[in-house]
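J.: Would you be able to build a 3D model of this:
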Amino acid sequence: MKTGTIAALSAVASAATAVAVTLVVQEYRHDRAVRELKRSIPDVPTPQVPQDVGQAAVAAGAALAARRHDEAGIEVDAGEEYPAELVAEQLARTAAFFGDEGLAAIRAASVVVVGCGGVGSWVATMLARNGVGRVRLIDFDQVTLSSLNRHAAATVADVGTPKVAALARYLGRVAPFVRIESRNTLWTLAEAEELLLEGGRPDFVVDAIDNIETKVDLLEFCVRHDLRVVSSMGAACKADVTRINIGDISATQEDGLARATRRRLKLRGITSGVPVVFSSEKPGPDKPTLLPLADEVFAAGKVDELSVMPDFRVRILPVLGTMPGVFGLAAATYVLTTLAGMPVEYIEQKARVKVYDAVLHALSGQSMRLTGSQQLPFDANDITYLVEEVFRGKSVVSGVAANSRVALSQWDPARPLALDNVVLLTKDEAKAHERDVLVPKRAPGDVYGAAVLSTVAARQAEEACYRAFR
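T.: Have a look, this model is predicted:
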C-alpha cells in the first residue's frame, strides 16, 4: 500500500475518533449538567391550608398518592377513600356549567389520550381537572429539557423520565378521584386493540400524535371501529390564536400536518367524519419554518438513525410554548362538551373579508332586481354576523359548508328583507330560490320540505336571541 494512501486512511481514522470522543464528552457534560440542575431544585413543602375542607382534601389526596408500578407503567387508582363531598366541591364549577346530568356523564366516561407531549398533556390535565372518570395515557417518549416550554405538567426533575409517568404523577395529585392509567409504549396498529380497547371501549380517543403515519393509522382505526375521536393538527410554527379552528378534516386549510393527514386518509377511503383542531394561519417569509440539519450531520451519513424511532422526524420544529396548550385546551373542550351532551356547532373558517364583501354586493343586487333599490337594512358587520354566527357558514338547504360559494338571500317574499328574513345558501341554491320563490312570490313552504323549514325557523329564533345582546 502506498505511503500516501496509508496517511490518508490514518487521517480519516483520526478524524472519526476525534468526532466520536467529542460526542461522548458533550453527552457526558450534558448529563452532568442535568443532574446538577435537578439536585439544585429545593424540596417543596406540603402547603398548609387553613380551611377544614381544604385540609381534608390535602389529607385525602395524600392518602391516595401511593402508586403501583407494573410493566404497563404507572396507574393511579381512584378509590372510595376520597370523600364524595370533596369531589363535589372540587367539581362544583363544572357541575354548574353542565348540570348534574352532564357532570354525571363526564364522571362515567373513559378517554384515551394518545401522545402526551405539548398538546396531549394539556388535554389530559383538563379532562382530569373536570372529572373524567378514567383517563388512559399512551406515549413512548421521555421528558426532555426542550419540551418544558410547552408541557402542562413536567418539571426539570422529570427530565429523562417517561412523559406518561410524569403526567400520571401530576394528575394523581390534582384529581385523586380520577383513575389514571399510563402505557409507556409507542401506539402501533398491531397493538391498537390492546391499547385502546382493553378494559372496555373508551367514550373518546384524543389523537395528539405528531408522526404522520402513526396518526393516520390511529384515525383510521377509530373510524373503522366507530370510536369517537378528535385529532390535533400542527401547532408548530404558529402564533395567531385567532386562527385556531375546530372542524371536519375536510375543511382544514393552511396546515401542513392536516394536509398530509387528509391526503393519506383519502387513500384509505376516508374523506370526512374526523373532527380536528387546526390553525388556518398562513405561512410566510417572516414566519418560523422547519429548522435545517447542520451540514456536519448530513456529512456523517445515515441521518434517519438520528430519529427517536424508525420513520419519525429528525428535523426540529420551532414551537411557541403557548400554542400546543391552546390546541390541547380546544380538544379537551370538544371532548367535555360532547360527553356532557352540550356539543358546540363550531364555525369553520374565519375572517373571510372578501367573501363577506361579495355577499353584501350580491344581496344588494338581488334587492335591486326585486324592488328596484339597492338599499339594504344592514351593513358589512351584519353580513359577518349572519354568515358565521347565525348560519355557521352552512347552507340551510343542503347543510354543506358554503366556503367561497356563499350567498345570502331574502327568505319569504311576503315579508321585507331583515335580519330575521334572510337565509344562507350556496350561490346555485340562491339563484334557484330567487327563481322559484321570490320572483313568483310563493311561500317557502310550497317549495321546501319540513326539514329545511325547521332549520330556518331554528336559525331565526336564535338570531332573535342573539340580537338582544348585539
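
J.: Spell out which residues make up each domain of this protein.
T.: Annotated domains of the chain cover 10-41, 55-287+319-339, 353-467 [automatic domain parsing].

J.: Minimum distance to Glu345: which of those has it?
T.: Closest to Glu345 of these, according to Cβ to Cβ: domain 353-467, at 5.4 Å. For every residue, glycine as well, the C-beta is placed using N, CA and C.

J.: circling back to that earlier point, name the stretch among the domains of the chain that sits most buried.
T.: Greatest average neighbour count among the domains of the chain goes to domain 55-287+319-339 (a mean of 19), per mean count of other Cβ atoms under 10 Å.

J.: what's the average pLDDT for it?
T.: When pLDDT is averaged over domain 55-287+319-339, the result is 89.

J.: where exactly do the helices run in the stretch 301-450 of the chain?
T.: Along the stretch 301-450 of the chain, the segments classed as helices by DSSP state H, counting those that start in this stretch run 322-339, 353-371, 380-384, 427-433, 450-467.

J.: per-stretch mean pLDDT over those helices, give me the minimum one.
T.: Looking at the helices of the stretch 301-450 of the chain, the lowest mean pLDDT belongs to helix 380-384 (a mean of 83).

J.: what about Ile180, is that helix, strand or coil?
T.: Per DSSP: H, G, I helix; E, B strand; the rest coil, the local secondary structure of Ile180 is strand.

J.: Kindly report the same for Val276.
T.: Under three-state DSSP, Val276 falls in the strand class.

J.: how near is the nearest residue to Val452 once chain neighbours are set aside to Val206?
T.: Leaving aside its sequence neighbours, Val452 sits nearest to Val397 (Cβ to Cβ, 6 or more residues apart in numbering; 5.6 Å). Noted for Val397: a distance of 34 Å to Val206, by Cβ to Cβ, to the nearest Å.

J.: got the end-to-end distance for stretch 171-178?
T.: Length of stretch 171-178, first residue to last, Cα to Cα, to the nearest Å: 8 Å.

J.: 22 is where my numbering starts, stick with that
T.: Sure, I'll start counting at 22 from here, so that last one is stretch 192-199.

J.: now it: how far from the chain's centre is it?
T.: Put simply, stretch 192-199 sits 23 Å off its chain's centre (Cα atoms, centre = their mean, to the nearest Å).

J.: and if you look at stretch 377-389?
T.: Distance of stretch 377-389 from the chain centroid (Cα atoms, centre = their mean) equals 36 Å.

J.: so Arg114, which of the three states?
T.: At Arg114 the chain is in helix, as set by three-state DSSP.

J.: Residues touching stretch 277-285, excluding its own?
T.: Among residues not part of stretch 277-285, those counted as contacts by Cβ atoms under 8 Å, 6 or more residues apart in numbering are 231, 233-234, 236-237, 240, 252, 254-255, 270-271, 273, 297, 299.

J.: Please convert the residues you listed to TSV, extending it with distance to Thr343.
T.: Output for the contacts of stretch 277-285, formatted as TSV (distance: Cβ to Cβ, whole Å):
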residue	distance to Thr343
Asp231	17
Ile233	24
Glu234	28
Lys236	22
Val237	27
Leu240	26
Ser252	20
Met254	16
Gly255	15
Ile270	24
Ser271	28
Thr273	21
Val297	20
Phe299	17
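
J.: And those, which is closest to Ala175?
T.: Asp231 (16.6 Å).

J.: Test my guess that His454 contacts Leu445.
T.: No: the criterion here is Cβ atoms under 8 Å, and His454 misses it with Leu445 at 11.0 Å.

J.: For the stretch 172-321 of the chain, just list every one of the strands.
T.: 200-204, 225-228, 250-253, 265-269, 296-300 (DSSP state E, counting those that start in this stretch).

J.: Can you lay out these as CSV showing distance to Phe118?
T.: Formatted as CSV, the strands of the stretch 172-321 of the chain follow (distance: least, Cβ to Cβ, whole Å):
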stretch, distance to Phe118
strand 200-204, 23
strand 225-228, 18
strand 250-253, 19
strand 265-269, 18
strand 296-300, 21
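
J.: Figure out which of these is closest to Ala351.
T.: strand 296-300 (4.6 Å).

J.: That closest one - contacts with which helices or strands?
T.: Counting contacts by 3 or more Cβ pairs under 8 Å, 6 or more residues apart in numbering; DSSP states H and E, strand 296-300 is packed against strand 250-253, strand 265-269, helix 343-360.

J.: Which among these is found nearest to Val185?
T.: In terms of Cβ to Cβ, the element of the helices and strands packed on strand 296-300 nearest to Val185 is helix 343-360, at 15.4 Å.
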